[in-house]
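Asks: kindly generate the corresponding structure for this input.
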Amino acid sequence: MQDDARKITYGAMMIAMFAILLAVSVYIPIVGGVVLFFIPLPIILYRLRYDFSSSLLVTVTGVLLSVLVGGIIIIPYALLFGLLGLIIGSTIKTGKSKLYTFMASGLTILISTVLLYAGTVLLLGINIIDELLEELSATSKNMTEFMSKNGDVSESIIKQTDELIAFYEVAVPSMFMIASFVLAFIIVILNVAVIKRLGHSGPSFPPFREMKLPSILVWSYLVVLLIGFLGAS
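Replies: Below you'll find the predicted structure:
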């Protein structure tokens, strides 16, 4: 009974901490930018102490509480960071390397972002990438018109501008991947450092020569690229 009571009490503490960190990251801009990296920490700490099914229950409860605290707008963030904490905690507890934890975290962020993007395109008809590119194109057009009023605009400048816009269209999938894995790297590094300070054992990166990127990255890149093309069509 004492063990169950500790388990429930600790779970309630981690759920409350998860919801608070998430709300702070969304509604307090400056502080939230720092807190953002530690949102998965409560789920990680709970997973390191208890089994997967209990950790999953704590994660789901934390997501539901976060929605009650922050509203519907917080759902994507709660799901992402809750799942991220569960995955990081599970990989650490099962003795995976830090590289494995990093890759699993990066793929989690990337796939979640792709699904969110696909959902906004298919369900809401909102294509963020298209809107950004249209805004860039409109800005470029306005600049060209302004320059033409104050002097001649060479064909080379117009051509370079069009090439820049075309480059951004192709580079968006790469930006998705880079941003996902940079965020994952920072989150893993910071949270592993914290759990080590709290007395838990943490993984280390293998030698650089042994590091390999999984083939799923290529498929993820192709999926992002395909969604971009479908959204643009």
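Asks: got the residue ranges for the helices in this protein?
Replies: Taking DSSP state H, the helices of the chain run over residues 2-27, 29-35, 41-49, 52-70, 75-93, 98-122, 128-149, 155-197, 216-232.
Asks: shaky segments in this structure?
Replies: Within the chain, the set of residues satisfying pLDDT under 70 comprises 1-2, 121, 124-130, 132-133, 136-137, 140-171, 173, 203-233.
Asks: at 50 what do you get?
Replies: Low-confidence segments of the chain (pLDDT under 50): 208, 231-232.
Asks: count of neighbours near G106?
Replies: 25 (other C-beta atoms under 10 Å). The C-beta positions use only the backbone N, C-alpha and C, and glycine is treated the same way.
Asks: wait, it touches F185, no?
Replies: Yes: contact criterion C-beta atoms under 8 Å: G106 and F185 qualify, at 7.4 Å.
Asks: most tightly surrounded among the helices of the chain?
Replies: With neighbours defined as mean count of other C-beta atoms under 10 Å, these peak in mean count at helix 41-49, which reaches a mean of 24.
Asks: only alpha carbons, please: show that helix as PDB.
Replies: Output in PDB follows, covering the C-alpha atoms of helix 41-49 (Å, rounded to 0.1, in the frame of the first residue of the first chain):
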ATOM      1  CA  LEU A  41      11.300  16.200 -17.700                       C
ATOM      2  CA  PRO A  42       8.400  15.200 -15.300                       C
ATOM      3  CA  ILE A  43       7.400  12.400 -17.600                       C
ATOM      4  CA  ILE A  44      11.100  11.300 -18.000                       C
ATOM      5  CA  LEU A  45      11.500  11.200 -14.200                       C
ATOM      6  CA  TYR A  46       8.400   9.200 -13.700                       C
ATOM      7  CA  ARG A  47       9.300   6.700 -16.400                       C
ATOM      8  CA  LEU A  48      12.700   6.200 -14.800                       C
ATOM      9  CA  ARG A  49      11.100   5.100 -11.600                       C
END
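Asks: elements contacting that helix?
Replies: In this structure, helix 41-49 packs against helix 2-27, helix 52-70, helix 75-93, helix 155-197, with contacts taken as 3 or more C-beta pairs under 8 Å, 6 or more residues apart in numbering; DSSP states H and E.
Asks: again, only this time at 6 Å
Replies: Counting contacts by 3 or more C-beta pairs under 6 Å, 6 or more residues apart in numbering; DSSP states H and E, helix 41-49 is packed against helix 2-27, helix 52-70, helix 75-93.
Asks: can you give me the angle it makes with helix 75-93?
Replies: With axes from the mean of the first three to the mean of the last three C-alpha atoms, to 10 degrees defining the directions, helix 41-49 sits at 30 degrees from helix 75-93.
Asks: give me the contacts around helix 41-49.
Replies: 14, 17-18, 55, 58-59, 85-86, 88-90, 93, 191, 200 (C-beta atoms under 6 Å, 6 or more residues apart in numbering).
Asks: and these, which is closest to K7?
Replies: Closest approach to K7 among these (C-beta to C-beta): V58, at 9.6 Å.
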